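**Q** Sharing a model that was predicted from the sequence below.
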Amino acid sequence: MASLAGLAGVALFGLTAALWLAIGMSTALLAEWLYAQMSGGRVTASFDHAVLVGLLVGLTLPVGRYEVGGFEPLGWAVPAVASLVAILVGKGVMGGMGNYLWHPALVGRAVAELLYGEQMHPSRWLVLARTCLFAKVPRPIEPVEYLGWRLSTPPDGANAWALPRPVDWLRRLADGEISANHEDPMTFLFRDVLPPWEDTLLGGVGGGIGETCAIALIVGGLYLIYRGYVRWQQPLSVLAGAAAAAAILPIRVGPGGDLVWLPGTHVDHALPVGVLYVLFHLTGGELMLCAFFFATDMVASPRTVRGQVVFGFGIGLLTIVLRLYGAMPGAGYWAVLLMNTLVPSIDRRTQRRVMGTGIRPI
């Protein structure tokens, strides 16, 4: 059901997004075939899985960026290289389907991030206006006054907005960079700067092709749970770990301000800004995509339910830590890769012992 997030991404970011998804999937399929030929006909995994890996790679990518003078699309080499590395290195070198340690799509994305960092992390992300969905060519404008995706209409000649990601604002808040002229910076941010939180549910915010529409990701994830492909404890533990970390970990509110613990409990003039702070962390970035489609990979996650809960909680916790204090963007993706590394250890420590012995079953 990752295709549902892809369809939402094409609607929100235009037909250019469909091109990057198509390049990612076709390159992954070609790479799967090439590896099978080079290895004497031994196929690393099914071609269906290769297409899924290519789709997941595409969902993590931006459609392009806003530069002075207009829209600059993502280079076609980015999804191609990322998908090629995902299949040949992330799967093939690691032994093929059933043997890889790290999620192949995230291995490919990590390499693309190192090679094309400027394209992967624009300062302004594109999102089509509510009345211009599925546009062929985005014509973005940076808004002077922005009331949110549902309430704002671009001027004539423009059909898209150039916006920073909500999680980028959260990082600036945590670093104490937001000044509100003697007003509480958290209240100022959520009342006057960020769009309404509901926009993150609909997808009307900046971000990767498959990151922004939380509703599409939740519906797709619930379908996987209903069909038995995913245990409900996996995504829930990711979101629980992230929510707990966001509510507890300190941030530096205001320029030169002291560290404030428990920002998720903050209330100002009856405005529950602490709740909004946590909610934006959950739905305003890549966390939902990681929770439902990366943390739940059957090969790169623990085998037991207890292990999956530990694994998921660790991903959520690390995502917020890296988002608030780390140096690399795309915190959720790096959190998944880091926890993938710990899967063998988690498996060993969460296997149930055979009754009457001190031996854990293999």
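**A** Received the coordinates, thanks.
**Q** Quick check, pLDDT for the closest residue to residue 73 other than its chain neighbours.
**A** Among residues not flanking residue 73 along the chain, residue 64 sits closest, at 4.1 Å (C-beta to C-beta, 6 or more residues apart in numbering). C-beta: built from backbone N, CA, C; applies to glycine. With respect to pLDDT, residue 64 scores 91.
**Q** what do you get for residue 75?
**A** pLDDT, residue 75: 91.
**Q** Kindly report the same for residue 356.
**A** 56.
**Q** can you check residue 241 too?
**A** On the pLDDT scale, residue 241 gets 98.
**Q** Could you check which helix or strand contains it?
**A** helix 233-248 (DSSP states H and E).
**Q** who does whichever helix or strand comes after that helix touch, helix- and strand-wise?
**A** Downstream of helix 233-248, the first helix or strand assigned by DSSP H and E is strand 251-252. Here strand 251-252 is seen to pack against helix 166-174, strand 259-260 when contacts are counted using 3 or more C-beta pairs under 8 Å, 6 or more residues apart in numbering; DSSP states H and E.
**Q** what separates strand 251-252 from the chain centre, distance-wise?
**A** 23 Å (C-alpha atoms, centre = their mean, to the nearest Å).
**Q** Other residues contacting it?
**A** 173-176, 258-260, 263, 324 (C-beta atoms under 8 Å, 6 or more residues apart in numbering).
**Q** tell me which of those residues is nearest to residue 51?
**A** residue 324 (35.3 Å; C-beta to C-beta).
**Q** Keeping just the C-alphas, turn the helix holding residue 241 into PDB.
**A** Extracted C-alpha coordinates of helix 233-248, given in PDB (Å, rounded to 0.1, in the frame of the first residue of the first chain):
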ATOM      1  CA  GLN A 233       2.800  -3.100  17.700                       C
ATOM      2  CA  GLN A 234       5.500  -2.100  15.200                       C
ATOM      3  CA  PRO A 235       4.300   1.200  14.000                       C
ATOM      4  CA  LEU A 236       2.600   2.000  17.300                       C
ATOM      5  CA  SER A 237       5.900   1.600  19.200                       C
ATOM      6  CA  VAL A 238       7.700   3.900  16.700                       C
ATOM      7  CA  LEU A 239       5.100   6.700  17.200                       C
ATOM      8  CA  ALA A 240       5.000   6.100  21.000                       C
ATOM      9  CA  GLY A 241       8.800   6.400  21.200                       C
ATOM     10  CA  ALA A 242       8.800   9.600  19.200                       C
ATOM     11  CA  ALA A 243       5.900  11.100  21.200                       C
ATOM     12  CA  ALA A 244       7.600  10.300  24.500                       C
ATOM     13  CA  ALA A 245      10.900  11.700  23.400                       C
ATOM     14  CA  ALA A 246       9.400  14.900  21.900                       C
ATOM     15  CA  ALA A 247       7.400  15.500  25.100                       C
ATOM     16  CA  ILE A 248      10.400  15.100  27.400                       C
END
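**Q** could you give the angle of it to helix 166-174?
**A** 30 degrees (axes from the mean of the first three to the mean of the last three C-alpha atoms, to 10 degrees).
**Q** What ranges does the stretch 101-250 of the chain have for its strands?
**A** For the stretch 101-250 of the chain, the strands defined by DSSP state E, counting those that start in this stretch occupy 125-128, 140-141, 160-163.
**Q** Same list (the ones you listed) but as TSV, adding distance to residue 57 and mean neighbour count.
**A** Formatted as TSV, the strands of the stretch 101-250 of the chain follow (distance: least, C-beta to C-beta, whole Å; neighbours: other C-beta atoms under 10 Å):
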stretch	distance to residue 57	mean neighbour count
strand 125-128	18	26
strand 140-141	24	20
strand 160-163	23	24
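**Q** neighbours around residue 349, how many?
**A** Close neighbours of residue 349, defined as other C-beta atoms under 10 Å, add up to 14.
**Q** Quick check: buried residues in stretch 319-326?
**A** Residues of stretch 319-326 classed as buried: 319-320, 322-324, 326 (neighbour count, 16 or more other C-beta atoms under 10 Å).
**Q** Show me the residues you listed that map onto strands.
**A** Among those, no member is found in strands (DSSP state E).
**Q** out of these, who's nearest residue 189?
**A** residue 324 (14.5 Å).
**Q** The closest one and residue 173, how far apart?
**A** Look at residue 324 and residue 173: by C-beta to C-beta, to the nearest Å, they are 9 Å apart.
**Q** Can you report phi and psi for the residue positioned nearest the centre of the chain?
**A** Compute the mean C-alpha point of the chain, and by C-alpha atoms, centre = their mean the closest residue is residue 286, 1.9 Å away. When read as degrees, to the nearest 10, the backbone of residue 286 gives phi -90, psi 0.
**Q** Before I go, just wanted to say thanks for your time.
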